[in-house]
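Colleague: what would the 3D arrangement of this be:
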Amino acid sequence: MDTAISAADANRAFSRLLREVREEGRSFVVTAHGKPVARLVPCDAADAARGAAKAELLVRLSSQPVVDVGRWSRDDLYER
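Modeller: Here you go, the predicted model:
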């Protein structure tokens with residue numbers, strides 16, 4: 001579970017947060033004005049999540065049918 005921390009508090013305690021992420025495997029969500037803006041997570045966790053997301057995307061894309069939309073030009077992409 002991520003622990004929420006304000007950007008100001010994270011700035012003041014950045015070294016401690018990094019130590020907790022590295023040594024204890026903790027993760028934090030940094031907030032600005034109450035809204036999440038960043039996440040501090042151990043590198044291996046971020047890499048695993050990225051790999052899982054990529055694998056899921058490739059499975060989803062491979063199961064979708066190929067649609068032939070015919071020839072188009074750059075001008076066709078923009079409204080005139």
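Colleague: contacts only, for Leu77.
Modeller: The contact partners of Leu77, by C-beta atoms under 8 Å, 6 or more residues apart in numbering, come to none. Any C-beta I mention is one placed from the backbone N, CA and C, and that applies to glycine too.
Colleague: any idea how far it is from Val69?
Modeller: Going from Leu77 to Val69 by C-beta to C-beta, to the nearest Å gives 11 Å.
Colleague: one more: Gly25?
Modeller: Counting by C-beta to C-beta - Gly25 and Val69 are separated by 47 Å.
Colleague: between those two, who's got more neighbours?
Modeller: Neighbour totals were compared for Gly25 and Val69, and Gly25 leads with 11 against 6 (other C-beta atoms under 10 Å).
Colleague: quick check: phi and psi at the spatially closest residue to that one that is not a sequence neighbour.
Modeller: Spatial nearest neighbour of Gly25, excluding adjacent residues (C-beta to C-beta, 6 or more residues apart in numbering): Pro42 at 5.4 Å. Main-chain dihedrals, Pro42, degrees, to the nearest 10: phi -60, psi 140.
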